[in-house]
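A.B. asks: Okay, sequence plus prediction incoming.
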Number of protein chains: 2
Amino acid sequence: MHTFEKGEMAQKPATLKDVAAFANVSRATAARALNSYGYVGDETAQRVHEAAEKLGYRGNRLAQALRNGQLPIIGCILGDIQNPFFARIAHDIEVLARGNRYNLIIGSSEEELEQEVSLLASLQSLSIRGFIVAPTSDENNFHLVRLIEENVPLVLIDRVVQGIDCDSVAVDNEGGARKAIEYLIAMGHRRIGLLQDDTRIFTSRERLSGYQRALIAAGITPDDRMISISQSTVEHAIDATIRLFSQKIPPTALFTVDSLMTQGALLAFRSMGISIPHDVSLIGFDDFNLATFTDPQITVVAQPVSEIGLAAARLLFEKLSGPSRPPKQIRFETKLLVRGSVSRRTEG
Amino acid sequence: MHTFEKGEMAQKPATLKDVAAFANVSRATAARALNSYGYVGDETAQRVHEAAEKLGYRGNRLAQALRNGQLPIIGCILGDIQNPFFARIAHDIEVLARGNRYNLIIGSSEEELEQEVSLLASLQSLSIRGFIVAPTSDENNFHLVRLIEENVPLVLIDRVVQGIDCDSVAVDNEGGARKAIEYLIAMGHRRIGLLQDDTRIFTSRERLSGYQRALIAAGITPDDRMISISQSTVEHAIDATIRLFSQKIPPTALFTVDSLMTQGALLAFRSMGISIPHDVSLIGFDDFNLATFTDPQITVVAQPVSEIGLAAARLLFEKLSGPSRPPKQIRFETKLLVRGSVSRRTEG
DNA sequence: AATGCGTGTGAGATCGATCTCACATTGTCT
DNA sequence: AGACAATGTGAGATCGATCTCACACGCATT
């Protein structure tokens, strides 16, 4: 704990030079004492430490970073912090970063490639080495390729990019989607709708693939009229759901690819007077706090959110401080949490 | 847009020196051309710009910062990014910061004073000037006082601190709470419970005060048995609610001071078999997505969340770039959103 | 006495961008 | 012709921390 004496307060922060002068040694010696390397006399070291304490010396991380070429900051580029999924991940990364005396810069790409590129460039010009990115696009990833070629530690989360060989942490999207659809099929559903966001997005494509495979495996031909695409916001999802269920022969069940879309579907059903699970069954990808507050509670495919950020941060710090090693690709399993939003369908 | 030619990729970023050498001028001239100040010949400037373009010069913000004493980064210390209230604010600040070519560092104080202090110190040693803080404590604010004395731009959000004269953005907590309680009283309730978090926290105290005043104004004596205190998490709120409603004479209505506690109360009522609004009426402070998904929908005191972050960021940039001006204290009004969780009480 | 090593210290270069100062040119005015 | 501005440019200092190098001194070994 520090004490601040009056009159000392408005001072500029003490520099190493100040400390050295106060302890009557050179800057070099002061640095040696404070960072404990090289030879320093015991008594001298003592004097330097006292001086540093006295002056409240904290060091200028900027100058340090300029010298050694990197700033102890992790750059984190996510889709949107407002998505609870990313918020949780960001929080976990921050905690782990703090433990390693790193700070965390968070940027939102808002799912725009251009924004992702410019954010990354901006952070690189800050000499930040060490990024955790949820890549927006699967193509045009020269900016990520460049990072890797420059040997900048990089961990991708939530989404994996083809042809980029680097650490990544994601979940088994296809398997998760397949489990959901298989369950719906087992409950007697055959006309199963899919509410999906931009196919540019990796997770969305994988979940679509799981959806299709499960149908085909059960001998059901995928039908484009059962699929509705919208942006991943509650509002857009409402419209897309309404479109899907205004057809002459609507689906008897719906699978939504993320929690915002699940919420949209819920609202759409309410406004259309469609009741769950009586009129339609629903499964969402990604658990969310609301899912257990509704009546009935919503069956979801849950991801181990708490492990994703943690794993990503661990991988990153391994790269930052450990020796070079081949990239690791982590995939977590998902879990189907059966609650009350799916009912058995007896007739077709 | 840049193009990256092969073989050029793994290079270290180009420095001003490189650009100068390439354009056959001194570093000083190159700097003048790129930052357009002082006298530079037209043709020389042209050459420098071409060289910069060619080499992909981006400048080292670290070196710039070291020189001019500050980094174009805003430090943002919040209670927790996982709280949607703060997530929204962080998002809005980030957008505005990006517009001003600033980046945003987010730190979680986790409502620990010590953590807030150490985060702030860490960010200051990065030469960051410009903070937006949701202060944890009302006392022991020497760290904030020091910032102000050092003339570091600071904006407090959500909470105001006594005796600190600086910009702040908050809402009318007392008025909001009063409106809620007055409405409950008007609906015939007299035994009104309060579910509150740590009284250390500013907003909590103000909301308590509004609660008490409304009661007194209506001639009802505040009763400590109607108040339950817990940490602001869903789990703690559940326990606190159960305690409150296990009394012989439980409240007929409950007012919760934030959205996490409202959720906790909701879960507690469900587990106790207490139905809303039949058995008990409920009003929460702070609107949240879940509030309209429950049946009945929850009546809340809504804050203009989207304006808080915006206003805070605006104030901060005024201070960062504009001339000195007296501190501004902004207080937004709250709005009672009447939905379905309050019923009229006929007998006492 | 000469050489060598272990220990302790300081002067100065370095990281990259910027800014002050001094020095050139040119042109213009008495 | 001489003086003085306006214009253009470069050398070097600066920000703060760190690291290399060189130089001390003492003590032990040949």
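C.D. replies: In hand now; what should we look at? Small disclaimer: the values here were computed from a predicted structure and weren't measured.

A.B. asks: I'd like the average pLDDT over stretch A:54-67.
C.D. replies: Mean per-residue pLDDT for stretch A:54-67: 95.

A.B. asks: number of nearby residues for the closest residue to DNA strand D within the stretch 201-348 of chain A?
C.D. replies: Closest residue of the stretch 201-348 of chain A to DNA strand D, CB to the nearest atom of the strand: A:Ser321 (14.9 Å). Backbone N, C-alpha and C define where each C-beta goes, glycine included. Applying other CB atoms under 10 Å in any protein chain shown, we find 9 residues neighbouring A:Ser321.

A.B. asks: So what touches stretch A:274-282?
C.D. replies: A:184, A:187, A:189, A:245, A:250-256, A:262, A:265-266, A:268-269, A:296, A:298-299, A:340-343, A:345 (CB atoms under 8 Å, 6 or more residues apart in numbering or on different chains).

A.B. asks: what about that stretch, how long is it end to end?
C.D. replies: The first and last residues of stretch A:274-282 sit 12 Å apart, counting by CA to CA, to the nearest Å.

A.B. asks: so where does the closest residue to A:Val117 other than its chain neighbours fall, helix or strand?
C.D. replies: Nearest non-adjacent residue to A:Val117, counting by CB to CB, 6 or more residues apart in numbering or on different chains: A:His143, 4.8 Å away. Using DSSP states H and E, A:His143 sits within helix A:142-149.

A.B. asks: ok, and for that helix, which residues are buried?
C.D. replies: A:His143, A:Leu144, A:Val145, A:Arg146, A:Leu147, A:Ile148 (16 or more other CB atoms under 10 Å in any protein chain shown).

A.B. asks: Would you mind measuring from A:Leu55 to DNA strand C?
C.D. replies: 17 Å (CB to the nearest atom of the strand, to the nearest Å).

A.B. asks: Contact partners for that residue?
C.D. replies: Here A:Leu55 is in contact with A:Ala14, A:Asp18, A:Val19, A:Phe22 (CB under 8 Å, 6+ apart).

A.B. asks: What is the burial count for the first one?
C.D. replies: Number of residues near A:Ala14 (other CB under 10 Å) recorded here: 18.

A.B. asks: Moving along the chain from the helix holding A:His143, name the first helix or strand you hit.
C.D. replies: Using DSSP H and E, the helix or strand that follows helix A:142-149 in sequence is strand A:154-157.

A.B. asks: per-residue pLDDT, A:Lys17?
C.D. replies: For A:Lys17, pLDDT reads 96.

A.B. asks: Now it: closest residue in space, sequence neighbours ignored.
C.D. replies: Counting by CB to CB, 6+ apart, the residue nearest A:Lys17 is A:Arg27, at 5.8 Å.

A.B. asks: Give me the phi and psi for that neighbour.
C.D. replies: phi -60, psi -40 (degrees, to the nearest 10).

A.B. asks: In contact with it: list those residues for me.
C.D. replies: A:Leu16, A:Lys17, A:Ala20.

A.B. asks: Please determine how far A:Leu66 is located from DNA strand D.
C.D. replies: 4 Å.

A.B. asks: looking at it, that residue is touching A:Ser127, isn't it?
C.D. replies: Yes: taking contacts as CB atoms under 8 Å, A:Leu66 lies within contact range of A:Ser127: 7.5 Å.

A.B. asks: Overlap of the contact sets of these two?
C.D. replies: With CB under 8 Å, 6+ apart as the test, A:Leu66 and A:Ser127 both reach B:Asn60, B:Leu62.

A.B. asks: tell me the helices in chain A, going along the chain?
C.D. replies: A:16-23, A:27-35, A:42-55, A:61-68, A:84-99, A:113-124, A:142-149, A:173-186, A:202-217, A:234-245, A:259-272, A:305-321 (DSSP state H).

A.B. asks: Neighbours of A:Ile256, how many?
C.D. replies: No, residue A:256 isn't Ile; it's Thr. For A:Thr256, using other CB under 10 Å, the count is 31.

A.B. asks: sorry, back to before: most surrounded residue in the contacts of A:Leu55?
C.D. replies: Neighbour max across the contacts of A:Leu55 (other CB under 10 Å) = A:Val19, 27 neighbours.

A.B. asks: Identify the residues contacting that residue.
C.D. replies: A:Ala30, A:Leu34, A:Val48, A:Ala51, A:Ala52, A:Leu55, A:Tyr57.

A.B. asks: who wins for most neighbours among the residues you listed?
C.D. replies: Most surrounded of the contacts of A:Val19: other CB under 10 Å gives A:Ala30, at 29 neighbours.

A.B. asks: Share the number of residues neighbouring the residue lying closest to that residue once chain neighbours are set aside, please.
C.D. replies: Counting by CB to CB, 6+ apart, A:Ala20 is the residue found nearest to A:Ala30 once chain neighbours are left out, at 4.0 Å. By other CB under 10 Å, the residues close to A:Ala20 number 21.

A.B. asks: got it, and A:Arg200?
C.D. replies: 13.

A.B. asks: And for A:Glu43?
C.D. replies: When neighbours are counted by other CB under 10 Å, A:Glu43 registers 8.

A.B. asks: What pLDDT is listed against it?
C.D. replies: For A:Glu43, pLDDT reads 94.

A.B. asks: quick one: it from A:Glu50, how far?
C.D. replies: 11 Å (CB to CB, to the nearest Å).

A.B. asks: what do you get for A:Leu337?
C.D. replies: 59 Å.

A.B. asks: And A:Val95, by the same measure?
C.D. replies: From A:Val95 to A:Glu50 the distance is 34 Å (CB to CB).
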